[in-house]
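Student: the amino acid sequence is not available; the structure is as follows:
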């Protein structure tokens, strides 16, 4: 057996997920172990090594078939230097992870941030399979993104390309401040955080909504469920999130003319009520030639996108 | 002498401009002759060949040193097929110009549209020299653009990347319809056409402005001159054009994180009153990390950008 394999690592605050991919981006095996960030940086890195060795040992593949290890991490990374500059959820600051892992594992190591890595995973073997140029949105706590050009993550000048959550789309008079300090970012209305904020505000001011019956904290799923059941306030909230997503895609389309927009993350689970509105607004705001053949579709890989994309860093 | 040379052609409605560039993008010789579009497609193509042969003959270079000819044209082009699909200002429709010119000239021929070509010229040896990733705006009758990634024109899925004039930036309630059929495009407020429209409307409704003293048709230059002289209506118009340019750049920065924005075309001649406002709005709308090291500067090559960029098509 001479097939080459690629290990992807999704380095999260609670768990480290590792997976083996083949050259086509198929996820063949996965393993998940605790991060143990409370034990410090060295322990976390030791765990990464341990899980990588373990998954290869337990697979039908040999260590020699392993080309290298890619890792995605939520935080700021210096890709060229292979350093995690700041990753609050695992407590890393200025950790030269590439050098350390290369020394320990003896294979090529590549790192990137989680939004880019998830985008690459989807582009490689998920909803973007077969397409060379696409733009991925991840709608979670924030709105992350990744620009895929010619099959690769496009980094931009300072490695910040794909910060589409910070496209300013909300008109001044309706804008609120984003975590980044600026006004009216897409993230303020189309992230799970933004959607929940709008719902909580509606309940607090006494709007007539079934959401006011929920006794625990309102979740994004509660809002989608209520919208699907016909709750008008929830429909308005989902429409607003979708409206600005569609607007931002129109803007990205006029800039990059990608073939596909891929939308993943928790909020994308809202499904058709979200996507039909996004597409409607996109068509309304985008000149016809820039719409032609362009698709807006849900991500496919779910939580595996991070592992697959991390493995893909080695190939693409 | 074994230096290689590249000829660029700027195919305009009135004149065909040709120029010789060296490998560094220096424009060494230029020649300009009439387009004679009234004589039909064949005559125009014959003129291109004539001027290309002429400029090389009259130069110190030999025909053997000529690598090929690049041509930029205002209109829709199919780059891969080398066909001008529609170029109203020279009366071309479905002209397989690459095949025809290759047959006649016997060298490699490359074509692209004028906005892309001007962007490449600026990126190659103008205001973008030394920078690999930049975004060019051309503020003329419309707002054209070109995305330069890794030193090359980025075409996108259907060859429409860089249609930044059609980023929808004007809020719905203030938006007017663009030539493309959509509402609120950047082009409606930041092109020469848009600026002149705002000025004519101000004069017509009797706003107190020195522009109402102008007896001939108001030009963009009139408006800049009046703004510099302190005319408040003109200042407001220039500020509005600049405001939406800055907004659009913030959106492009969040998507692509380019190192430089290069602004050319007639409207860019407004100079500091335009640029200082663009930069101010850009800084206001863009998260700090996406601003860092990013410059917004005027184009340098003026009308030569088209010739230089056309020559550059052969190299980049």
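Tutor: Here it is on my side, so go on. Worth saying up front: this structure is predicted, and the values here are computed from it rather than measured.
Student: distance of residue A:54 from residue A:33?
Tutor: Plainly put, residue A:54 is 8 Å away from residue A:33 if you go by CB to CB, to the nearest Å. Heads up, the C-betas are built off the backbone N, CA and C, glycines and all.
Student: what's the answer for residue A:40, then?
Tutor: Residue A:40 sits 16 Å away from residue A:33, going by CB to CB.
Student: which one's more surrounded, these two?
Tutor: Set residue A:40 next to residue A:33 and count neighbours by other CB atoms under 10 Å in any protein chain shown: residue A:33 wins out with 15 against 11.
Student: the helix or strand containing the more buried one: what's the following helix or strand?
Tutor: Applying DSSP states H and E as the criterion places residue A:33 in strand A:27-34. Following strand A:27-34 in sequence order, the next helix or strand is helix A:41-58 (DSSP H and E).
Student: so what does the next helix or strand after that next one touch, helix or strand wise?
Tutor: Downstream of helix A:41-58, the next assigned helix or strand under DSSP H and E is strand A:66-73. Secondary-structure packing of strand A:66-73 (3 or more CB pairs under 8 Å, 6 or more residues apart in numbering or on different chains; DSSP states H and E): strand A:5-11, helix A:41-58, helix A:97-105, strand A:108-113, helix A:114-125, helix A:305-312.
Student: could you figure out how far the strand holding residue A:33 is turned away from helix A:41-58?
Tutor: 140 degrees (axes from the mean of the first three to the mean of the last three CA atoms, to 10 degrees).
Student: mind listing what residue A:20 touches?
Tutor: By CB atoms under 8 Å, 6 or more residues apart in numbering or on different chains, the contact list for residue A:20 reads A:5-7, A:27-30, A:55-56, A:59, A:61, A:311.
Student: just the buried residues from those residues, in PyMOL please.
Tutor: Selecting the buried subset of the contacts of residue A:20 in PyMOL, with 16 or more other CB atoms under 10 Å in any protein chain shown as the burial test, is done by:
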select buried, chain A and resi 5+6+7+27+28+29+55+56+59+61+311
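Student: quick check, nearest of the contacts of residue A:20 to residue B:280?
Tutor: Relative to residue B:280, the closest of these is residue A:311; by CB to CB it sits at 44.3 Å.
Student: apart from its neighbours in sequence, what residue is nearest the closest residue to chain B within the stretch 51-200 of chain A?
Tutor: For the stretch 51-200 of chain A, the residue closest to chain B is residue A:156, as judged by CB to the nearest CB, at 2.9 Å. In this structure, residue A:156 finds its nearest non-sequential neighbour in residue B:257, 2.9 Å apart by CB to CB, 6 or more residues apart in numbering or on different chains.
Student: wait, that neighbour sits on residue A:157?
Tutor: Yes: Residue B:257 is within contact range of residue A:157, at 5.2 Å (criterion: CB atoms under 8 Å).
Student: neighbour count winner among these two?
Tutor: Between residue B:257 and residue A:157, counted using other CB under 10 Å, residue B:257 has the larger neighbour count: 23 against 20.
Student: quick one: contacts for the more buried one?
Tutor: Here residue B:257 is in contact with A:155-163, B:290, B:294 (criterion: CB under 8 Å, 6+ apart).
Student: the helices and strands packed on strand A:66-73 into a markdown table, with extra columns for distance to chain B?
Tutor: Shown next, in a markdown table, are those (distance: least, CB to the nearest CB, whole Å):
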| stretch | distance to chain B |
| --- | --- |
| strand A:5-11 | 22 |
| helix A:41-58 | 24 |
| helix A:97-105 | 21 |
| strand A:108-113 | 13 |
| helix A:114-125 | 12 |
| helix A:305-312 | 19 |
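Student: just say which of the ones you listed is most tucked in.
Tutor: helix A:305-312 (a mean of 32; mean count of other CB atoms under 10 Å in any protein chain shown).
Student: ok, residue A:100 - contacts?
Tutor: With CB under 8 Å, 6+ apart, residue A:100 has these contacts: residue A:45.
Student: tell me how far it lies from residue A:71.
Tutor: Taking CB to CB, one finds residue A:100 at 11 Å from residue A:71.
Student: now do residue A:169
Tutor: According to CB to CB, residue A:169 and residue A:71 sit 32 Å apart.
Student: between these two, which one's more packed in?
Tutor: Between residue A:169 and residue A:71, residue A:71 has the larger neighbour count (other CB under 10 Å), namely 30 against 25.
Student: how about the contacts made by the more buried one?
Tutor: The contact partners of residue A:71, by CB under 8 Å, 6+ apart, come to A:8-11, A:48, A:97, A:101, A:109-112, A:310, A:313.
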